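Engineer: attaching a predicted model along with its sequence, questions to come.
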Amino acid sequence: MIRLSTLSGYGLSVAAAAALFWTSQTVQKAQDRLEKATHELARESESLHVLRAEWDYLNRPDRIEMLAQKYLGMQPAGTGALIADADEIPPPALAETEFSGSGLDAAQAIALASIAPAAGARR
Amino acid sequence: MSFGPFRKSTVQIVGTRRCALDQARGRMVAISVFFMLAWILVSVRVFDLTVIQGAMARAGVAESGGEEAFNPEIAMGKSLRADIVDRNGVLLATSLRTASLYVDQILVHDPAALGASLHNVFPDTSAKEFESRLKGRKRFAWVRRNLTPDEHYKVLELGDPGLDFQEEPRRIYPQGALASHIVGYGDVDGEGLSGVERAFDARLARGGDPVRLSLDIRIQHALRREIQTAMEDFTAKGGVGVVLDVRTGEILGAVSLPDFDPHRPAKAPDNAKRNRVSLDVFELGSVFKIFSTAAALDLRDVSIGQEFDATKPLRRYGFTISDYHPERRFMTVPEIFMHSSNIGAALMGEAVGTDDLRTFYGQLGLTSKMNLEIAETGTPLLPDPWRDIHTLTASYGYGIAVTPLQLAAAVSAIVGNGVYVPPTLLAMEEGEKPGSGQKIISPDTVREMRALMRLVVTDGTGSNAEVPGYRVGGKTGTAEMSAGGGYDTSRLISSFVGAFPIDDPRYVIFVAVEEPHPNTHSHGYATGGWVAAPAVRRIVMSMGAALGLDVALNVPAQDLSESLRRYVHEKPKASILAPVSFTPAPSDGPAPVFVKGEANLAAN
């Protein structure tokens, strides 16, 4: 006869083995995930690194200058075009519209003239 | 009744035989148990390997689970050589992983055919050359290092079993030749051979944080572009330029032309690889009058209005010193400075005396090798022995040869606050104080020197450097290059050193052009005022835009040069500061959004 204690001993050891197996599997899976994530991270940071080098390569000042000249028709701003204080910019000249002399300031007159083209065209 | 090995025998054996039987049974039970456990273990492991891990492999989870030790540091690129960046973090040098191609020569069956197909991928190397690398009995031989991804792909497409790749880091310089002399270059194994790559080799090899240089790539570019333009305009042989931050000593730009592609240093001629900024020494001529004048004003009781006899060439110790454009009259200090009179400068140097002038030059760092981060630093050439005649010539920049960087640093000390700030190639950290030396000249002399340098631009030889709104001050220099014991009048080095805003200078710019030739616009001149001063003007304009510097209106009455005007005795010529009537912008061309003419600005 197998005694109850022996049977429960067998049962316990089987349970322990199963628990151990389950734990080790979980750990292994987690390790694999970690490794995968680290690899992915490394790959991403590597491609970031490459992209950054490429970005700085494509943003070389001489290349930007060449492209700006080719496509934008812009020129470096001379000091004549730079002012220290924005308030120094004179108001735009009053547009020749029927709103001239109406007591409106220039910006308002121009804005009105632009939204009322028919009125302006009558003159 | 129970069965199996545990069943008790019903046969009763007695005596000694019984003992032997019991023993045998016990052993059999033990062996059976052992094998059963072993079987269970094996089947569990088989289940694990096939069902569990097999499923994970199919799901792609365990794809990278290799036996080799996994090092995230290597994978993350931290083990690569550290980057070099400019002050704003723009990459100047970085390391990328690339594939390098090697061959196992034993596995190559037809070297000739493989060589021909490799030649198709790399047209710059002949098929014969490849064939010689593929032939032999070596298990490992490099075929080509650091392939581009495209080349890598094409070689993979060849699919030859003898070819294989090894990952290697490669040094990339995204800015190309732009700062090649400062950043330097390395060999194929990544060891630094020149510039910062060499000076910080150990630090860079450890990896980690980038080395941040003081250079600003935008200023560096403007400097290089304008020197190149000046070289092309005047069909010159070489050019050199420095931009210094007066307060911190940071080198914002350092250009030496011709330059080279740091990816292919071996292909560059030696002339292009020479660092003209900090290694080569030049006799720079009249720009030295800044130092002799400062010495005379500071060390001797020379007042700014004192007159010196420039009526005729100066004869001393058997030599004759004469002026390029003789005025043949007595001249005040401002007149000597703005007309760049050698006679006047020599007389001022004589007033200072040999010992004091030499000490003064020493305090400005002009007599000894500069202590810079990179190894490419030149030792000045001084008169040996230094006789009194050399004091006279050194007063106008002959007989003493220094590096352009030394000159810029010395000028920076004069116009800054009279203290020598050692130049540095490393960016200052926030709150870091620059190294500062002893006071060399008094604040009064600093103010007078600023005014004198401003006068050169408003009324003198440097008028081509004026940028309305930025108040540039400076000094031109045109020196003949020494050739076999004498000087060659046809080979000039034309320079301009400028500081702006001159009332309280932030930046010193030095530009020199080697062997310029007069062009159709320069009225037969190839002097500093015609060659280098316009370049400095354009650099100042670019810097103003790039750095967002404030534009201050030119008010002639408040200009620094105004205080000196009463010492200038000559028929008044049109000063560039004179108010000009407003002329509207030409109507053709793209209409700017907002036009406010420079002249109008000046008249305000």
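Structural biologist: Ah, there it is. Numbering: from 1, shown residues only, chains lettered A, B, ... in the order given.
Engineer: how about the residues of the stretch 401-550 of chain B near chain A?
Structural biologist: With Cβ under 8 Å from any Cβ of the partner chain as the criterion, the stretch 401-550 of chain B meets chain A at residues B:467-470, B:541-542, B:544-545, B:550. To be clear about C-beta, it is placed using only N, CA and C from the backbone, and glycine gets the same treatment.
Engineer: which of those residues ranks first by neighbour count?
Structural biologist: The most crowded member of those, judged by other Cβ atoms under 10 Å in any protein chain shown, is B:G469 (26 neighbours).
Engineer: what's the pLDDT at it?
Structural biologist: At B:G469, the predicted lDDT confidence score is 83.
Engineer: right, and it touches B:V551 too?
Structural biologist: Yes. Between B:G469 and B:V551 there is a contact under Cβ atoms under 8 Å: 3.7 Å.
Engineer: which secondary structure element contains the residue nearest in space to the middle of chain B?
Structural biologist: For chain B, the residue nearest the mean C-alpha position is B:I182 (3.2 Å; Cα atoms, centre = their mean). Under DSSP states H and E, the secondary-structure element containing B:I182 is helix B:180-183.
Engineer: and the helices in chain A?
Structural biologist: Along chain A, counting by DSSP state H, helices occupy A:4-58, A:61-67, A:106-115, A:117-121.
Engineer: where does chain A have low pLDDT?
Structural biologist: In the predicted model of chain A, residues A:1-2, A:76-86, A:92-123 satisfy pLDDT under 70.
Engineer: could you do chain B as well?
Structural biologist: Per-residue confidence for chain B (pLDDT under 70) gives these ranges: B:1-14, B:58-78, B:435-436, B:553-557, B:570-604.
Engineer: residues touching B:F291, list them.
Structural biologist: Applying Cβ atoms under 8 Å, 6 or more residues apart in numbering or on different chains to B:F291 gives the contacts B:360-361, B:364, B:366, B:410, B:414.
Engineer: let me redo that: B:M36
Structural biologist: Not one residue lies near B:M36 by Cβ under 8 Å, 6+ apart.
Engineer: mind checking the SS state of it?
Structural biologist: helix (DSSP: H, G, I helix; E, B strand; the rest coil).
Engineer: redo the contacts of B:F291 as CSV? Include neighbour count, distance to A:L72 and secondary structure.
Structural biologist: Shown next, in CSV, are the contacts of B:F291 (neighbours: other Cβ atoms under 10 Å in any protein chain shown; distance: Cβ to Cβ, whole Å; DSSP: H, G, I helix; E, B strand; the rest coil):
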residue, neighbour count, distance to A:L72, secondary structure
B:F360, 23, 51, helix
B:Y361, 23, 49, helix
B:L364, 25, 45, coil
B:L366, 23, 45, coil
B:A410, 25, 41, helix
B:I414, 28, 41, helix
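Engineer: walk me through the domains of chain A.
Structural biologist: A:1-80, A:92-123 (automatic domain parsing).
Engineer: go ahead and confirm the residue nearest to the centre of chain B touches B:V211.
Structural biologist: No. Assessed by Cβ under 8 Å, B:I182 is found out of contact with B:V211, at 11.6 Å.
Engineer: mutual contacts of these two, please.
Structural biologist: With contacts taken as Cβ under 8 Å, 6+ apart, B:I182 and B:V211 have B:V196 as neighbours in common.
Engineer: wasn't B:I106 part of a helix?
Structural biologist: Yes. The assignment for B:I106 is a helix, going by three-state DSSP.
Engineer: gap between it and B:L134?
Structural biologist: 11 Å (Cβ to Cβ, to the nearest Å).
Engineer: equivalent analysis for B:N146, please.
Structural biologist: To B:L134, B:N146 is 19 Å away according to Cβ to Cβ.
Engineer: compare these two (neighbour count), which wins?
Structural biologist: Regarding B:N146 and B:L134, a neighbour count based on other Cβ under 10 Å identifies B:L134 as having more, with 24 against 18.
Engineer: show me the contacts for the more buried one.
Structural biologist: B:103, B:105, B:108, B:111, B:114-115, B:143, B:162.
Engineer: what about 7 Å?
Structural biologist: Residues in contact with B:L134 (Cβ atoms under 7 Å, 6 or more residues apart in numbering or on different chains) are B:103, B:105, B:108, B:111, B:114-115.
Engineer: cool, B:G176 as well?
Structural biologist: When contacts are counted by Cβ under 7 Å, 6+ apart, B:G176 is found next to A:60, B:261.
Engineer: quick revisit: and the helix or strand following the helix holding B:I182, what does it pack onto?
Structural biologist: Reading on from helix B:180-183 to the C-terminus, the next helix or strand found by DSSP H and E is helix B:195-199. Here helix B:195-199 is seen to pack against helix B:180-183 when contacts are counted using 3 or more Cβ pairs under 7 Å, 6 or more residues apart in numbering or on different chains; DSSP states H and E.
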